[in-house]
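Enquirer: Would you be able to build a 3D model of this:
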Amino acid sequence: MAVETLKTFCRFCHANCAMLVDVEDDRVVEVRGDPDDPAYGGYTCMKGRELPDSHNAEHRLRRPLIRNESGEFRETSMPQALEHVGSELRRIIAEHGPHSVAVFMGSGGFQNSAAMGASLSFAQAIGSRNFYTSVTLDQPAKVFTTARYGKWMGGSNTFSESDVAMFIGNNPIVSHYAPVGGVPPFSPSRRIRDRKKEGMKLIVADPRESDVARLADLYLPVKPGEDPALLAGMLNVIIAEGLYDKNFVAAHVDGFEELAKAVEAMTPETAAKRAGLEPEQIVAAARMFAGGSKGCAVTGTGPEMAGNGTLTEYLVTCLNTICARFKQEGEEAAIPGVFTTPQGPRLAQVGPPVPMFGAEGMPKSRFRGLGHLGWEMPCNVLADEILTPGEGQVRALISVGGNPVVGFPDQAKMARALDDLDLFVQIDPWMSASARRADVVLSPSQCLEREDITNLSEWWHEEPYARYTEAVATPPEDCIDEYEMFWALAKHLGVTMQLAGGALPMDEKPSKQTFLDLMTAGCLVKPSEVRRDVRAANGDAVIYADKHPQVGPPDPDISNRFDLAVGEMPAALSRYAENPAAREGYDFRLISRRSKARFNSIGHPLEKLRQKAVTNPAYIHPDDMIELGLEEGSIVAITSPHATIHGVVKPSDKVRRGLVSMAHAFGDADASKEDVRTRGSSTNRLVSETVDFDPITGQSLQSAIPVRLDAA
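Expert: Residues are numbered from 1 along each chain as shown. Prediction:
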């Protein structure tokens, strides 16, 4: 049969790169970037180019697995597996109540455009407060706390219009991630270089000289975990020298005086000493950032994972706010979001307060005073919710494309928790570290075998760009879409799933298109309409330029203002300044990094990607290696106050002295010194969720971890 070339988009990560797919005899043969796509221009990354291997690998799960009484897995059909899970859930809920069932949405689940809506609506339908996602593992502060200080209804400046940009601890060239205002993950290196040619200045703060740091006009090798010192020092200079937007602050900002007082003591000299920089660098960064007319400061996951995440995000919010880095009346609104449900009118003013945590009636965990962030419980409490008896104890967990054994803090404790469950269901195309501990493994269809929309990536599209892709290959008979799994479980339990557009039909399984239309009700263009328009365009993306919202004039009846002195801020800055982090006997800091061959814990089973990164190297400065008596390729023991892991030593003069840099969410639950060269180690084994955690988000310290290094 002849090879057919079809248009689609990648769903290995959230960048959703436009792709051409060669299909022969219903088999994915090859994928490559679509050079005609207006946003991507043919760009793909090495991970996405391995989609054929992902779909066709012999060790891919093609049928569900159920663990029998002797502890062995047996294959079964998908209807039988779902009936078994539904029966077990009914029993557990009847015995322990609805909060005994938890659902976790991992990085893999997010790549299915319907899985988030399906898993959340399922948890809500059964009445469980225990819904979790990977967001609270690595970036909860930027998602759930910054709206507390105020949100500009027109949106932030976008990258393409910026004359200055500041990246704090994120490396979008590798991780393909940035908040709004950062570089979109569509050929990010090219985009940065193009903007620099047009005059944009780039500031990068990172403990190691990352890929994006090498493109910076000003690189700041800040100490890990000390981003608040850098940011407060910059604010000190900007306020002292009057470089902020005085008219904007007077018109829209409360709490400015409190902020100014809080950063007064953080002079460039004081801040530089804490941040490991020179005072002149902080002054230069402040003047360069404030000297621009448009452009945002944005963070990656690193600064949040390094402790003081909420304080760091607050200070970034302050920096952008007092410099007025927002879309103004008459401009096109930022990030139009074709599929995003309405967030209110796009106006040149501050929106109403959005309670994202701590509000009356929001569900609470049983542990550490933590509770819901928006619609989810922080991952920090899940292990204790499972292991601790009492009312509300979690007895069943459904993990959607996640890998809790590898991705959660305190790896050993999470492994114990999973083993303690009455029912652990893992939705996974592979026998991952978590799947091997499950009672039931459900085999999902993979991305090129299902319909999807680009709702995940529109966080970065500066135009109303949209795609609806059809399936280009047929999944194995017992591999189905995650939304179908949750619909079937809800039907077994006799509950109705609710979406933004109303109740999901429960008498007959809805189509993916019907599900997506209901899930995105009220968006700019319904998925079914985008599907029609994409078909008419022969599979190309559609840009709805005529639907791009404009920033309208302020509503005179609305008088909201930014509040930079709400809650614990900026008093938290004073506490930070008075209490420098210290761990006697642990003189090094382990910082997290991203791997080009992985997306969080995803990518290990694919042979070509595995060959590119067979282990998780411990990058150490050559001078530190000499002092420690370490040689390249030797094994180093990395010990925290909590545990020890091992790494293969690799020299790097791009890493500050006193640091060891390793990839986050790598390896397996039981990787050891003996097999570290072929399996790598997970840095999450070094940390605990009960110490060094954010009191609002619960996020554990997962970077800037105090460690000791010894030759092993």
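Enquirer: and the closest residue to Gly169 other than its chain neighbours, how far is that from Val222?
Expert: Nearest residue to Gly169, sequence neighbours excluded (Cβ to Cβ, 6 or more residues apart in numbering): Gly302, at 3.5 Å. C-betas here are computed from N, CA, C, even on glycine. Distance of Gly302 to Val222, given as Cβ to Cβ, to the nearest Å: 10 Å.
Enquirer: How about Asp26?
Expert: To Val222, Asp26 is 52 Å away according to Cβ to Cβ.
Enquirer: what comes up buried for stretch 704-712?
Expert: Using 16 or more other Cβ atoms under 10 Å as the test for burial, stretch 704-712 gives 704-707, 709.
Enquirer: whoops, stretch 538-555 was the one
Expert: 539-544, 548-549, 551-552, 554.
Enquirer: and what of stretch 625-636?
Expert: Buried residues in stretch 625-636, counted by 16+ other Cβ under 10 Å: 625, 628, 630, 635-636.
Enquirer: now swap in stretch 357-373 and tell me
Expert: Under 16+ other Cβ under 10 Å, the buried positions of stretch 357-373 are 357, 365, 367, 370-373.
Enquirer: Could you do stretch 280-297 as well?
Expert: Buried residues in stretch 280-297 (16+ other Cβ under 10 Å): 281-286, 288-290, 292, 294-297.
Enquirer: Pull the most distant pair out of those.
Expert: Farthest-apart pair in the buried residues of stretch 280-297 is Gln281 and Lys294; separation 23.1 Å (Cβ to Cβ).
Enquirer: Could you pull out the helices in the stretch 51-200 of the chain for me?
Expert: 51-56, 78-96, 107-110, 115-126, 135-138, 140-144, 172-175, 188-197 (DSSP state H, counting those that start in this stretch).
Enquirer: For Glu241, find the nearest of those helices.
Expert: helix 188-197 (25.5 Å).
Enquirer: Contacts for that closest one, please.
Expert: 41, 43, 159-160, 162, 165, 172-173, 176, 178, 183-184, 202, 211-212, 215, 217 (Cβ atoms under 8 Å, 6 or more residues apart in numbering).
Enquirer: wait, which of the buried residues of stretch 704-712 is closest to Lys246?
Expert: Nearest to Lys246 among the buried residues of stretch 704-712, counting by Cβ to Cβ, is Ala704 at 35.7 Å.
Enquirer: Quick one: residues contacting the closest one.
Expert: 224-225, 305-307, 581, 589-591.
Enquirer: Next step: these restricted to helices.
Expert: Counted as lying in helices by DSSP state H, out of the contacts of Ala704, are Met305.
Enquirer: can you tell me which of the contacts of Ala704 lies nearest to Gln498?
Expert: Met305 (33.7 Å).
Enquirer: That closest one and Arg594, how far apart?
Expert: Counting by Cβ to Cβ, the gap from Met305 to Arg594 is 12 Å.
Enquirer: Kindly report the same for Ala334.
Expert: Counting by Cβ to Cβ - Ala334 and Arg594 are separated by 25 Å.
Enquirer: State the number of residues packed around His96.
Expert: 17 (other Cβ atoms under 10 Å).
Enquirer: correct me, but it touches Ile386?
Expert: No: applying Cβ atoms under 8 Å, one finds His96 not in contact with Ile386, separated by 11.9 Å.
Enquirer: which residues are common contacts for these two?
Expert: 393, 395.
Enquirer: List the contacts of stretch 524-536.
Expert: Stretch 524-536 has contacts (Cβ under 8 Å, 6+ apart) with 336-340, 451, 453, 464, 466-470, 513, 516-517, 520, 540-542, 544, 547.
Enquirer: Among the residues you listed, the buried ones, what's the PyMOL command?
Expert: Buried residues within the contacts of stretch 524-536, by 16+ other Cβ under 10 Å, are selected in PyMOL with:
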select buried, resi 336+337+338+339+451+453+464+466+467+468+469+470+513+516+517+520+540+541+542+544
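Enquirer: Does Gly392 lie in a helix or a strand, and which?
Expert: Per DSSP states H and E, Gly392 falls between elements, in no helix or strand.
Enquirer: what mean pLDDT would you report for stretch 586-604?
Expert: The pLDDT scores in stretch 586-604 average 78.
Enquirer: So for Asp26 and Val222, which residue has more residues nearby?
Expert: Val222 (27 against 11).
Enquirer: Where does that one sit: helix, strand or coil?
Expert: Using DSSP: H, G, I helix; E, B strand; the rest coil, the structure places Val222 in coil.
Enquirer: what about Ala262, which SS state?
Expert: Strictly by three-state DSSP, Ala262 counts as helix.
Enquirer: Residue ranges in the stretch 301-450 of the chain under the pLDDT threshold?
Expert: For the stretch 301-450 of the chain, applying pLDDT under 70 flags no range at all.
Enquirer: All the helices of it, residue numbers only.
Expert: 301-305, 309-322, 382-387, 404-407, 411-420.
Enquirer: Check which helices and strands the second one sits against.
Expert: It stands for helix 309-322. Identification of packing neighbours for helix 309-322 by 3 or more Cβ pairs under 8 Å, 6 or more residues apart in numbering; DSSP states H and E yields helix 140-144, strand 164-168, helix 227-240, helix 256-264, strand 297-299, helix 301-305, helix 571-578.
Enquirer: Tell me which residues of that helix come out buried.
Expert: Buried residues in helix 309-322 (16+ other Cβ under 10 Å): 309-322.
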